[in-house]
Structure formats: C-alpha cells, structure tokens
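Asks: need coordinates for the following:
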Amino acid sequence: MIAEIGVSRLSGEVCAPPSKSMAHRLILLAALSDGRCKVSNLYPSEDVLAMLDCIRALGAEAVYENGVAEIDGSGFLKNISPALDCRESGNTLRFLIPLCLSTGRRITLKGSKRLMERPQGVYEQLFAERGFEYLKGDGSVTVCGGPICGEYTLDGSVSSQFITGMIMALLRSKEGGVIRILPPFESRSYVDLTLRAASQFGGSVYFEDPLTIAVKGNTITPHDAVTEGDYSNAAFLDAFNCVGGSVKVLGLSENSAQGDRVYKRHFKSLCEGFCEIDISDCPDLGPVLIVLAALNHGAKLTGTRRLAMKESDRGEAMRRELEKSGVRLICRENEIVIPESKPVRPSEPFYGHNDHRIVMSLALLLTRIGGKIAGAEAVRKTYPDFFEVIASLGADVALKDE
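Replies: This is a model prediction of the structure:
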C-alpha cells in the first residue's frame, strides 16, 4: 500500500489506542489463570491477534469480539498444538518460549523472517545450560524441556521480553523462582509493566533488589481486566503538536507504568533546542524522536544500540529514508546525531521497511513536506487504522494499492 500525504496541520481530539504491551500481558495472564476471564479494550492489531491465536494453539479458549476477549484458561498448556505462528510479534515469541518448554512437549514456534532473525541467544544459552532442547530452524525454533523453576540469570541489556517470558513461566510453576539480571538493565519499565499486570491476577512478583526478581509460583487467579491506553502509539499523535498541530490525546493513564510515557518530556526538550536524549529505556520512541529533531533544532540520541534489533534496523532505516529529504543522520554504534535541518519533499517515495514505527514517523514528516510512503501497510502490526485516524484530524491522506 502507498500512502500519499500532503502538507497539512492536524487538530482535534482522539483517543489513544489500547496498549499492545499491556494487552499481551493481560491475555497471557488470563490464559494462565485456569479459569474464565474477560480482557476488554483490546485493539485487533496483528500482534494482538497473534497472541490470541497462540494461546488457542496452547489449549486456551479465546473468543474475540468488539474489543473484548473472553478467555477460558482451564485447558491452557494441556491440549497443545505442536506448532505456533507468532507472525511478526516479538512479545508473543519471547513470552511463550519458556511456557512451551515448561510443558515437556516438543513445540515449534514460527514467525516472519525478520522476527526469527531478531536476537534469541539469551534463551538459547540459558536453556542449553539446563539441558533443554532448543533448535533453531529456517524461520522457526523448536523447544522441548521441563519444569521452569529455581534460579535463572539473564542478560538485562538485550530485551526485557526475555525477563517477562521467564516471569510468566515461573508464575505457572508450583515452586516459583528467582531471576537475577546482569547489568546494564535496560527497559526495566517493561518489566514493571509485567509486575503490574500480574498483580491484577493475584500474581506475587517483586524486586528483592534492583537486579533480583522473586516470583511465587501458582499464584495467578481469574480476573476481568481492562487494557489501558498506549503511550507508545499516542506519541505519534501527540507529535503533531510539535510541528504546528493542535491535537488532544485522550485515554492515557497518568499512573501508567509504561516506559514510553516519557515521550512528553522528550518532546518538550526537542522543541526548546538542540538536546541529548538517552533512549535506552524507550527505544520504540527512536524513530519519532528522530523526525521531531530534524523538524526542530536537531538532537543527539544515545542508547540507540537496540534499534538494530527491532522490526527493522531502525537507525539505518531512518538514515536511508531521511536522506531522501536532505537530512543527514550520523549513526554510530550506540548513538545517532540528527543535525538541525530543513527537510524537503523527497523526489522518490519513502519506504516503510515493514516497520510500523518507521511508517508512522515518516507520515509525521510528510505532513510538513508532502510525499509518499511505500509499504505503508506495516501499520497493521499495531495501529491498523492509523491513517484513518490522522485523516479525521485533518491530514491530507490518500491510500492506494501498490
């Protein structure tokens, strides 16, 4: 799909979409509860649908309709399909691998080429030490293990998704266990989100110290949960206020544990002048911060190493695309410098790199300079009606098949 966007200023009110990160946690905890639960305010993005499909394949009943999933976890991890399709969802893959291992059954998890290329070495090494089977195939990983309990040590610098996956498996066990984290501990806010979600279902998970998580097993009970608004995607809507728009984003919890809630502070800094921002705890904000820096006073982003591990190599993708509009990013191993620039309309379409956050960031830029994005359908991963939403706020958008 090609999105053609003309110069336009956005205004109006809009509700933030539900949080994909929280939705994944609530759906999985509902399946682990061994009872009937409802998870409300769900958004039918590709990632959320992937998680629902996978818990069904692992024996849970899940009926989704009009933003509500009714989940019966009484058969979860009992009536198991030998193969799961995680599509492009990193959360789904990494949250489920330890649970699949804990069944003692041989289960194959597959997904898109890019998903399976993303780092999995944390699990591979961890489970090899326990003598569990962990076999990487062409676009898949096959696992077979046994009870997940006791003490585990995980690298905290790769992805918090591995830590959440282990928490989920330990919550399912009778004995529980302890997770020790090797510093640096990046994206801790996502682990905090896991702890908050687990507490809604009665789960006993807590930090014994800043690098040690204690998990009490067999504590999850049924609970009806509501998914809160998503700060990650709300950032793309609020960003229009930094380029002359007047958009009010509703439905965000001021008490949220989401790490990307810091976007408001970072946006303010970018609008005031050249600044340095550490994004090691909020890497999903990288692309939109890059665009806002280019449209304002420039910036230096540090802690950018993990951008290469996302749906695309986001630093390199943004460098290549912004170069088409005359913006020259300097990308180093763990930092990106965005000079103060005057972007111009690109003579060729931007490319979305099959990455929803790249597409939404480029759409923001094009409301100031005009142009096209090829591969715009990538927004379906987390925000399928993104273009319809910004059109309702006054964006000049036309969608065409490629």
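Asks: quick one, what contacts the nearest residue to residue 381 once chain neighbours are set aside?
Replies: Spatial nearest neighbour of residue 381, excluding adjacent residues (CB to CB, 6 or more residues apart in numbering): residue 356 at 4.3 Å. Heads up, the C-betas are built off the backbone N, CA and C, glycines and all. Taking CB atoms under 8 Å, 6 or more residues apart in numbering as the criterion, residue 356 is in contact with 311, 378, 379, 380, 381, 382, 383.
Asks: in stretch 332-352, which residues are buried?
Replies: Neighbour-count burial for stretch 332-352, counted by 16 or more other CB atoms under 10 Å, picks out 335, 336, 337, 338, 341, 343, 346, 349, 350, 351, 352.
Asks: what's the average pLDDT for stretch 324-337?
Replies: Stretch 324-337 carries an average pLDDT of 96.
Asks: ok, now stretch 230-237?
Replies: Mean predicted lDDT for stretch 230-237 stands at 97.
Asks: so residue 311 versus residue 354, what's the distance?
Replies: 6 Å (CB to CB, to the nearest Å).
Asks: and for those two, which residues touch both?
Replies: Going by CB under 8 Å, 6+ apart, residues that sit against residue 311 and also against residue 354 are 88, 114, 378.
Asks: who wins for most neighbours among those?
Replies: Within the shared contacts of residue 311 and residue 354, residue 378 tops the neighbour count with 25 neighbours, counted by other CB atoms under 10 Å.
Asks: of the contacts of residue 356, just say which sits nearest to residue 223.
Replies: Nearest to residue 223 out of the contacts of residue 356 is residue 382 (CB to CB; 24.5 Å).
Asks: would you list every one of the strands in the stretch 151-300 of the chain?
Replies: 177-182, 204-209, 212-216, 225-226, 246-250, 275-278, 299-302 (DSSP state E, counting those that start in this stretch).
Asks: and residue 149, which of those strands is closest to it?
Replies: Closest among these, using CB to CB: strand 177-182, at 5.0 Å.
Asks: how near is residue 207 to residue 167?
Replies: 11 Å.
Asks: show me the domain layout of this structure.
Replies: What automatic domain parsing lists as the domains of the chain is 2-16+231-400, 20-213.
Asks: format those as TSV; extra columns: distance to residue 222.
Replies: Output for these, formatted as TSV (distance: least, CB to CB, whole Å):
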stretch	distance to residue 222
domain 2-16+231-400	22
domain 20-213	3
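Asks: out of the ones you listed, flag the one nearest residue 223.
Replies: Taking these one by one with CB to CB, domain 20-213 is closest: 4.7 Å.
Asks: now do the closest one, average pLDDT.
Replies: 95.
Asks: end-to-end on it?
Replies: Terminal residues of domain 20-213 lie 24 Å apart, using CA to CA, to the nearest Å.
Asks: so residue 24 is in contact with residue 47, correct?
Replies: Yes - counting by CB atoms under 8 Å, residue 47 is a contact partner of residue 24 at 7.2 Å.
Asks: about what we covered before: among the strands of the stretch 151-300 of the chain, which is nearest residue 138?
Replies: That would be strand 177-182 among those, by CB to CB, at 30.7 Å.
Asks: list the contacts for residue 1?
Replies: 375, 376, 377, 399, 400, 401, 402.
Asks: mind listing the strands for the stretch 1-150 of the chain?
Replies: 2-6, 11-15, 36-40, 61-65, 68-72, 83-85, 107-110, 133-137, 140-144, 150-155.
Asks: strands paired with the first one, and their directions?
Replies: Strand 2-6 has the following sheet partners, assigned by DSSP bridges: strand 371-374 (antiparallel), strand 396-400 (antiparallel).
Asks: quick one on the thing from earlier: who's more crowded, residue 24 and residue 47?
Replies: Ranked by neighbour count (other CB under 10 Å), residue 24 and residue 47 place residue 24 first, with 27 against 22.
Asks: thinking again about what came up before, so of the strands of the stretch 151-300 of the chain, which one's packed in deepest?
Replies: strand 299-302 (a mean of 20; mean count of other CB atoms under 10 Å).
Asks: rewinding a little: more neighbours: residue 311 and residue 354, which one.
Replies: Neighbour count, other CB under 10 Å: between residue 311 and residue 354, residue 311 has more, with 23 against 18.
Asks: in which helix or strand does the more buried one reside?
Replies: Using DSSP states H and E, residue 311 sits in no helix or strand.
Asks: so what's it closest to, chain neighbours aside?
Replies: residue 355 (4.2 Å).
Asks: thought the one you found was touching residue 314?
Replies: Yes - the pair residue 355 and residue 314 passes the contact test of CB under 8 Å, sitting 6.7 Å apart.
Asks: before we move on, the earlier item: highest average neighbour count across the strands paired with strand 2-6?
Replies: The highest average neighbour count among the strands paired with strand 2-6, using mean count of other CB under 10 Å, belongs to strand 371-374 at a mean of 22.
Asks: ok, then the element right after it?
Replies: helix 386-392.
Asks: so what touches that next one?
Replies: The contact list for helix 386-392, computed with CB under 8 Å, 6+ apart, reads 3, 10, 12, 14, 233, 236-237, 240, 359-360, 363, 367, 376, 379, 383, 395, 397, 399.
Asks: and the helices in the stretch 1-150 of the chain, which stretches?
Replies: 20-32, 46-57, 90-102, 113-117, 121-129 (DSSP state H, counting those that start in this stretch).
Asks: tell me the helices and strands packed up against the third one.
Replies: Meaning helix 90-102. helix 20-32, helix 46-57, strand 107-110, helix 121-129, strand 140-144, helix 160-172 (3 or more CB pairs under 8 Å, 6 or more residues apart in numbering; DSSP states H and E).
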